[in-house]
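Asker: what shape does this take:
(3 chains)
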Amino acid sequence: MQIFQYLGATTRSGFAKLGRATFFLFHCLPGLIDVLQRPHLLIRQIYSVGVLSFLLITISGLFVGMVLALQGYYTLSDFGAEASLGIMIAASLVRELGPVVTALLFAGRAGSALSAEIGLMKTTEQLSGMEMMAVDPIRRVIFPRFLAGIFSMPLLAALFSAIGIVGGYMVGVGMLGVDEGPFWSQMQAGIDFYDDVVNGFIKSLVFGFVVTWIALFEGYDAMPTSEGISRATTRTVVNSAFSVLALDFILTALMFGDT
Amino acid sequence: MDKIVTIKNLVFMRGQRKIFDDISLDIQRGKVTAIMGPSGTGKTTLLKLIGGQLSPQSGSVVVNQQNVHQLKRAELFALRKQMGMLFQSGALLTDIDVYENVAFPLREHTKLSESMIRTLVLMKLQAVGLRGARHLMPAELSGGMARRVALARAIALDPMMIMYDEPFTGQDPISMGALIHLINSLNKTLGLTSIIVSHDVQETAAIADYIYVLSDGKIVGEGTPEQIAASDSEWVQQFMQGKADGPVHFHYPAPDYFDDLMSNQLS
Amino acid sequence: MSNTYTQDTLVGFFVACGIAALFYMALQVSNLSSYLDTSDTYTITASFDNSGGLKVKSKVSVAGVTVGRVSAIKLDKNRYESIVEMQIEKKFNTLPTDTTASIFTAGLLGEQYVSLEPGGSDEYLQDGDAIDITQSAIVLEQVIGQFLFKKASE
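Answerer: Purely as a prediction, here's the structure:
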């Protein structure tokens, strides 16, 4: 019996949380007006969300591309198909690894930082203080961060994929001696701009939205204690990773399903 | 007398616990009113109810002829611009410096030019004696300085009243003296109404015009500091004089001491 | 305020890099460049008994050089034939009217594509014209079946 009670309570609190998160999302949307009037609010947040993740994303992208080239080469050379190395690297990066790995790194780097920042602002009564100064903290504090996350994520994912392809080129053509011509020409023949590049871009946009939303809501919903903040950051990373992977499946099924 | 805040039959529950059980009180315009009571009696909650951050189960809070909990969001925000609140922690925004913190409400609510903002910010900082500290970040301030900056920020929009949440807690004698002097002089020179929530008896009694004493969700005593000091309520006497035992017992409710020690079993 | 200035610069740099990466992917990695001149094409159609595994966006080539792409594949409901619509680049506007269209496979397992073999006519195909002489895709099962049938009858 107790198990059912527990399950019931957990489900109910889960729905309650989703409801609060949805309300939170709609509550912050009017912040667009503030951002349009004072674009500096947004630029500040793009700095802390996007620019500070720049190095992590580019270096990770480089290494992922290099590993893909090595692994792909060993497998493809068994079939004498080294010429397809370029398309293999580009397809995996542009369609899947670019958006997904970037979203996971983004959740770990920027998402957890956002949760901790908002949670700490709540704990130190900064949000409450703003409310008493007749400033809506959800509009003023949350929305610019939200927009910065949605804006930065596709750029970071594009950087990840582009640098990854360069890394793959360096290893594949530079180190392993794959012929440069088919490396690029097969890639260009195989990667479709609308089906692959644009869909990858849409994926990263969706992931950016979800990860930032989770991070900000967890921070805002955190218990105002140090333990509450540490739990909120953990939940941000765990829930983001889970949501990104689940959504990736759904989006992939929708986008690449019928050709 | 002109009342700026009127609280009538206020009931506020947190879960099953009654924080306020049918309390009524008035706050006079231009005076320093203190609300005192032991920790955990919901004094901060009372300020949040006045500021409209929390809603009561029943009863009303009227500020400046407006019922706080029936206002629309925009009206509530307009009312809040006329209320300053000084949080216990100061609640300064940690990512901007002292100057920007004081400028924050001005930038949010006015379209003043940069030079006007500068003049106003320096005036407010001068009033709290921290004009020289304008480039420091909140993390570099001592607790007392942080509260003074928060005070400068609270008066930036020239409100009609300020609510102080435990302004004296954890202050050394010098910053305590500075704060008492500040609250007093702001009250006298600017004609601000002040509401002080505190359990520091001596300091609060020194500047308050009128005192309410809260305990267990009820008002157990009220009057001028002299009247309170002369109160015949045992409880008020224990609180004002800080006796260890009295109507409020030193011991948390527990089974008999002797029996407890003798029942030498792990339960 | 120099701090804000540095921040602005870095944000600008970041955004520029991101956009550059998107452009890089569009132009260097994907086939966008082949989309860019879609306005300079003309349409011709060809009917096949069987278009096999041909897809929209499959290549159309003359002597191995890509001259256009398949833009639509429809079924003729009366004759049960596959009508393949192709966008041919304007610069290749000298295809004779008696051109033959065949569906071939690139390599053993590769993609199928349309190969055009020009004939000897003096008139050229215009926008909206149809190719009359076509050769359908080779369906491997049919070829094997015919081969076995021929062997058996010998």
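Asker: please count neighbours and contacts with C-alpha atoms only from this point.
Answerer: Noted.
Asker: tell me which helix or strand of chain C sits lowest on mean pLDDT?
Answerer: helix C:32-36 (a mean of 62; mean pLDDT, DSSP states H and E).
Asker: and the next element down the chain from that helix?
Answerer: Using DSSP states H and E, the helix or strand that follows helix C:32-36 in sequence is strand C:41-48.
Asker: pull out the buried residues from that next one.
Answerer: Counting neighbours by 16 or more other CA atoms under 10 Å in any protein chain shown, one finds that the buried residues in strand C:41-48 are C:41, C:42, C:43, C:44, C:45, C:46, C:47, C:48.
Asker: now what about that strand, what contacts it?
Answerer: With CA atoms under 8 Å, 6 or more residues apart in numbering or on different chains as the test, strand C:41-48 has contacts from C:81-90, C:101, C:125-132, C:134-136.
Asker: who's in contact with residue A:223?
Answerer: Residue A:223 touches A:119, A:123, A:229, counting by CA under 8 Å, 6+ apart.
Asker: oh, that last question was meant for residue C:82, not what I typed.
Answerer: By CA under 8 Å, 6+ apart, the residues touching residue C:82 are C:47, C:48, C:49, C:50, C:51, C:73, C:74, C:75, C:76.
Asker: burial count for the closest residue to chain C within the stretch 1-150 of chain A?
Answerer: Closest residue of the stretch 1-150 of chain A to chain C, CA to the nearest CA: residue A:47 (5.5 Å). Neighbourhood size, residue A:47 [other CA atoms under 10 Å in any protein chain shown]: 21.
Asker: near chain A, which residues of chain C?
Answerer: Taking CA under 8 Å from any CA of the partner chain as the criterion, the neighbours of chain A within chain C are C:7-8, C:10-11, C:14-15, C:17-19, C:21-22, C:24-26, C:28-32.
Asker: those residues, buried ones only, as a ChimeraX selection?
Answerer: The following ChimeraX line selects those of the residues of chain C next to chain A that are buried, judged by 16+ other CA under 10 Å:
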select /C:7,8,10,11,14,15,17,18,19,21,22,24,25,26,28,29,30,31,32
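Asker: surely residue A:47 and residue C:13 touch.
Answerer: No. Contact criterion CA atoms under 8 Å: residue A:47 and residue C:13 do not qualify, at 10.4 Å.
Asker: ok, residue 78 - how many residues close by?
Answerer: Just so you know, I chose chain A. Neighbours of residue A:78 (other CA under 10 Å): 9.
Asker: the intended chain is chain B.
Answerer: What residue B:78 shows, counting by other CA under 10 Å, is a neighbour count of 15.
Asker: contact partners for it?
Answerer: residue A:134.
Asker: which SS state does it fall under?
Answerer: helix (DSSP: H, G, I helix; E, B strand; the rest coil).
Asker: same check, this time on residue B:124
Answerer: Assignment for residue B:124 (three-state DSSP): helix.
Asker: dump the residue contacts of it.
Answerer: B:102, B:152, B:153, B:155, B:156.
Asker: one more time with 7 Å, if that's ok
Answerer: B:152, B:156 (CA atoms under 7 Å, 6 or more residues apart in numbering or on different chains).
Asker: and the gap between it and chain A?
Answerer: 16 Å (CA to the nearest CA, to the nearest Å).
Asker: let me know the pLDDT of that residue.
Answerer: pLDDT recorded at residue B:124 is 88.
Asker: what lines up beside the lengthiest strand in chain C in the sheet?
Answerer: Using DSSP state E, we find that the single longest strand of chain C is strand C:65-76. Taking DSSP bridges as the criterion, strand C:65-76 pairs within the sheet with strand C:59-62 (antiparallel), strand C:81-89 (antiparallel).
Asker: for chain B, which element, helix or strand, carries the lowest mean pLDDT?
Answerer: Across the helices and strands of chain B, mean pLDDT, DSSP H and E gives its lowest value to helix B:234-241, namely a mean of 78.
Asker: flag the shaky bits of the stretch 101-250 of chain B, pLDDT-wise.
Answerer: In the prediction, the stretch 101-250 of chain B carries no residues with pLDDT under 70.
Asker: in it, what residue is nearest chain C?
Answerer: At 12.0 Å from chain C, residue B:135 is the closest residue in the stretch 101-250 of chain B, using CA to the nearest CA.
Asker: tell me the SS of that residue?
Answerer: Put simply, residue B:135 is coil when judged by three-state DSSP.
Asker: what parts of chain C come near chain B?
Answerer: Not one residue of chain C sits near chain B, judged by CA under 7 Å from any CA of the partner chain.
Asker: tell me how chain C divides into domains.
Answerer: As assigned by automatic domain parsing, chain C contains the domains C:2-30, C:38-145.
Asker: as JSON lines, the ones you listed with mean pLDDT would be great.
Answerer: Conversion of the domains of chain C to JSON lines gives the following (pLDDT from 0 to 100):
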{"stretch": "domain C:2-30", "mean pLDDT": "84"}
{"stretch": "domain C:38-145", "mean pLDDT": "83"}
